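Student: Pasting the sequence and the predicted model now:
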Amino acid sequence: MAKARPQLIQALRETARQIERGDGYHWAHAGKCNCGHLAQVITGLSPSEIFQCAQQHELTEWSEYANDYCPSSGLPIDEIISRMMAAGLDRRDLHRLEYLSDVRVLMALPGGMRYLRRNQPADVALYLRTWAGLLEAEYRSTRKRRAATEPDYYPSHGFYLA
């Protein structure tokens with residue numbers, strides 16, 4: 001699963017809001033689908049810019065782009081994926097987001113485990129929010145553990161208190 005980073009958690013929630021607002025959702029369009037909307041939020045590119053980048057590749061959907069990803073290819077879609085990965089995602093996350101298929105996310109859905117429809121904006125927004133919640137819980141847990149095991153540092157004194 002993605003790395004629990006505040007920026008990614010925020011991006012997932014913003015993507016959910018964007019989709020719920022009805023900002024041009026279309027599952028079969030590389031710039032307006034599940035991954036396309038998240039790419040918009042992470043990269044700041046428009047749906048048409050993302051679509052144009054995707055059109056320069058012979059493949060047609062994000063799961064294929066992720067499978068074929070090569071950071072040194074020079075292909076514009078690979079540049080977008082590199083930026084998404086820098087935000088904390090991995091290639092499997094892109095595939096699972098496109099199909100709303102991460103079992104950990106599905107099991108954490110309010111009301112219990114169920115399958116969602118990959119091309120329904122309300123289901124996509126619910127998936128994104130649930131995923132963000134899981135990552136936030138992981139992030140908080142990691143910070144708590146780190147705080148409990150790291151010695152206190154007092155910058156004004158220039159030393160750690162063990």
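Tutor: Good, I have the coordinates. Numbering: from 1, shown residues only.

Student: Can you list the buried residues in stretch 127-144?
Tutor: Residues of stretch 127-144 classed as buried: 127-136, 139 (neighbour count, 16 or more other CB atoms under 10 Å). Yep, even glycine has a C-beta here, placed from its N, CA and C like the rest.

Student: can you check stretch 53-72 too?
Tutor: Within stretch 53-72, the residues that count as buried by 16+ other CB under 10 Å are 53-54, 57, 61-66, 68-69.

Student: about what we covered before: need the buried residues of stretch 127-144 in TSV with distance to residue 77 and secondary structure, can you?
Tutor: Shown next, in TSV, are these (distance: CB to CB, whole Å; DSSP: H, G, I helix; E, B strand; the rest coil):
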residue	distance to residue 77	secondary structure
127	22	helix
128	21	helix
129	26	helix
130	27	helix
131	22	helix
132	24	helix
133	29	helix
134	27	helix
135	24	helix
136	29	helix
139	29	helix
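
Student: Mind telling me what element the closest residue to residue 101 other than its chain neighbours is part of?
Tutor: Distances taken as CB to CB, 6 or more residues apart in numbering put residue 95 closest to residue 101, at 7.5 Å, once the chain neighbours are dropped. Following DSSP states H and E, one finds residue 95 within helix 91-99.

Student: For this protein, give me the ranges with low pLDDT.
Tutor: Along the chain, the parts satisfying pLDDT under 70 run over 145-162.

Student: quick check, residue 72 in a helix?
Tutor: No. Residue 72 sits outside any helix when classified using DSSP: H, G, I helix; E, B strand; the rest coil, being coil.

Student: before we move on, back to that, got a list of contacts for the helix holding residue 95?
Tutor: For helix 91-99, the external contacting residues (CB atoms under 8 Å, 6 or more residues apart in numbering) are 1-2, 33-35, 38, 61-63, 65-67, 69, 81, 84-85, 101-102, 105, 118, 127-128.

Student: for stretch 104-114, same thing?
Tutor: With contact meaning CB under 8 Å, 6+ apart, stretch 104-114 is reached by 1, 96, 100, 115-116, 126-127, 130-131, 133-134.

Student: if you set the cut-off to 7 Å instead, what comes out?
Tutor: Applying CB atoms under 7 Å, 6 or more residues apart in numbering, the set of residues contacting stretch 104-114 from outside is 1, 115, 126-127, 130-131, 133-134.

Student: likewise stretch 9-22?
Tutor: Residues outside stretch 9-22 that contact it (CB under 7 Å, 6+ apart): 25, 37-38, 41-42, 87, 121, 124-125, 128-129, 131-132, 135-136, 139.
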